[in-house]
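K.L.:
build the 3D model from these lines:
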Amino acid sequence: MDMKVILEAPGSVRTVTAGATSLVAAMSREIGLADALGRALDKLFEARANKVLGDVITSALKVHEVDAGSMHFDMTSLSVYGEYEHIRLISHVPAASGVVGEPVAAACGADDWEPAGSYSSCKGAAEYWVSESVARIAEADYRFIVVRSSTLDSRKEKSLEKRIAKSGEEIERAAKELFDREFVCELDARRAGELFIAKWKDGFHELSFEALEETIREKRSRRGRPRKDEEVPAGATVYKTKVKIHGVDEAQVNRARERERCFVLITNVMNTKKYPAQRILGEYKQQWMVEARFSFLKSPYLLGQVFLKKQSRIEALGYVLLMALLMSTLLERRVRKNLETEEEPLMIPGQKLTRKPTARMILDMLDTAQVAYVEHEGMVRRVWRNTGRLFDVPRLLRLAGFSEEIYTDPALDDGLASSSRNH
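P.N.:
The predicted model follows:
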């Protein structure tokens, strides 16, 4: 957003939007920020950007008194090597891995669930129960924690319905093929029926069968109407198996729903007293924040168009964006914590009230802030313009630990970081 003059009196007053991104965008065109950015990225790369980021994170955790007892990673493309036995992990076991069925079946069969409560403050949030066991994999012990939810995801419900319908179609085809077979004795027909029932015992349908006796006449040796004295062809007795489908087995469907409501966590944190299953589940429930934060990071909101040719500058810029993500997360955390002590929620974009504004919402609100530059007798003074038309920006700044003076007092330009620490 460009600088915007709202009063055309020469040498008098001009107003700029003073938000987090628009002010930088306006200044960049005046001071040639593109060249400065490239040189700064070179220096950051030379200083080992990953170490700088680590130092910034360590300092931020200490200043903001953040408990870093655990960290969450996006392990999609993470590889580890060397001595990493000290690493403690908590991960979701994919259903396609083939190792989920046994612990889930054991937990559902034992029915010794321990309550784990809810991990959301939303109305109608799911309740959870846990059951755990220990297994040895590659000469190491792991805890398998089976988690049962009080609700079934709509996608899993639809998937189960499709499985039931598909199973019914397959049973009908298989029953028809079985009925077309002929057996020489009733015992063989019954044995085939028993094998059929055993094969489809998990097919979500109630089944039964009966062995039928049929007499099959041999075909005449020639065509045409038989003569009066022609002997009737000899008949052969055969047996067939007729399967009856009585409908959907609701008990079996309910058991399947019970299993579908379960998922399995694996961890090598073996201290069950310090880290009971409920705490492991609580840690896992926070992992969604990694994806949520990175979706914010990938947004063009944080960075406009910029051209970088050198690989080192691209890498350094990635670390700058991670630092920006850290700052936005701390800003969100501070505003939310301070909102907990106040009775009135915060008005956010969309004219909604909330006690949990996101970093994006906060930055959008800051973008509405305006500062007037008043020039008088060769002196320029900054004046806060509280339009009050959209959001209560002064309150938002106070919740963030600042005041509107950070926009108007030049002395605070260089001391903003120390001001942040004091709050």
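K.L.:
how about the helices in the chain?
P.N.:
For the chain, the helices defined by DSSP state H cover 22-31, 33-46, 49-63, 101-110, 154-179, 186-199, 250-260, 277-284, 288-297, 311-339, 359-366, 393-399, 405-408, 416-422.
K.L.:
contact partners of the third one?
P.N.:
By C-beta atoms under 8 Å, 6 or more residues apart in numbering, the list of residues contacting helix 49-63 from outside reads 44, 66, 68, 315-316, 318-319, 322-323, 326, 330, 420-421. Just so you know, the C-beta spots here come from the backbone N, C-alpha and C atoms, and that holds for glycine as well.
K.L.:
please repeat the previous calculation with a cut-off of 6 Å.
P.N.:
For helix 49-63, contacts defined as C-beta atoms under 6 Å, 6 or more residues apart in numbering pick out 68, 316, 319, 322-323, 421.
K.L.:
just give me the least confident of the residues you listed.
P.N.:
Within the set of the contacts of helix 49-63, pLDDT is lowest for residue 421 (43).
K.L.:
next, count neighbours for residue 193.
P.N.:
The tally of other residues near residue 193 (other C-beta atoms under 10 Å) stands at 22.
K.L.:
hey, which of the helices of the chain is tucked in deepest?
P.N.:
Highest mean neighbour count of the helices of the chain: helix 359-366, a mean of 21 (counted as mean count of other C-beta atoms under 10 Å).
K.L.:
what's the spacing between that helix and its chain's center?
P.N.:
Centroid displacement of helix 359-366 relative to its chain, using C-alpha atoms, centre = their mean, to the nearest Å, is 23 Å.
K.L.:
ok so, going back, which one of the helices of the chain lies nearest to residue 90?
P.N.:
helix 277-284 (5.4 Å; C-beta to C-beta).
K.L.:
so what does that closest one touch, helix or strand wise?
P.N.:
When contacts are defined as 3 or more C-beta pairs under 6 Å, 6 or more residues apart in numbering; DSSP states H and E, helix 277-284 packs onto strand 90-92, strand 140-149.
K.L.:
what's the closest of the contacts of helix 49-63 to residue 206?
P.N.:
residue 68 (55.2 Å).
K.L.:
need the contact list for that closest one.
P.N.:
Shown in contact with residue 68 (C-beta under 6 Å, 6+ apart): residue 61.
K.L.:
re the thing from before, as CSV, the helices of the chain with distance to residue 227 would be great.
P.N.:
As requested, the helices of the chain are exported to CSV (distance: least, C-beta to C-beta, whole Å):
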stretch, distance to residue 227
helix 22-31, 106
helix 33-46, 106
helix 49-63, 102
helix 101-110, 67
helix 154-179, 35
helix 186-199, 36
helix 250-260, 59
helix 277-284, 85
helix 288-297, 86
helix 311-339, 97
helix 359-366, 96
helix 393-399, 107
helix 405-408, 116
helix 416-422, 113
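K.L.:
returning to that earlier point: dump the helices and strands packed on helix 277-284 into TSV; add distance to residue 403 and mean neighbour count as well.
P.N.:
As requested, these are exported to TSV (distance: least, C-beta to C-beta, whole Å; neighbours: other C-beta atoms under 10 Å):
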stretch	distance to residue 403	mean neighbour count
strand 90-92	41	16
strand 140-149	45	19
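K.L.:
mind putting these into JSON lines with mean pLDDT?
P.N.:
Shown next, in JSON lines, are the helices and strands packed on helix 277-284 (pLDDT from 0 to 100):
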{"stretch": "strand 90-92", "mean pLDDT": "87"}
{"stretch": "strand 140-149", "mean pLDDT": "93"}
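K.L.:
at the geometric centre of the chain, which residue sits there?
P.N.:
residue 288 (4.5 Å; C-alpha atoms, centre = their mean).
K.L.:
select, out of the helices of the chain, the one closest to residue 119.
P.N.:
Of all the helices of the chain, it is helix 277-284 that lies closest to residue 119, at 6.3 Å by C-beta to C-beta.
K.L.:
residues making contact with that closest one?
P.N.:
70, 90, 116, 130, 132, 145, 147, 265, 267.
K.L.:
average pLDDT across it?
P.N.:
Averaged over helix 277-284, pLDDT sits at 92.
K.L.:
and the helices of the chain: which comes nearest residue 213?
P.N.:
helix 186-199 (7.0 Å).
K.L.:
now that closest one against helix 154-179, angle please.
P.N.:
Counting by axes from the mean of the first three to the mean of the last three C-alpha atoms, to 10 degrees, helix 186-199 lies at 170 degrees to helix 154-179.
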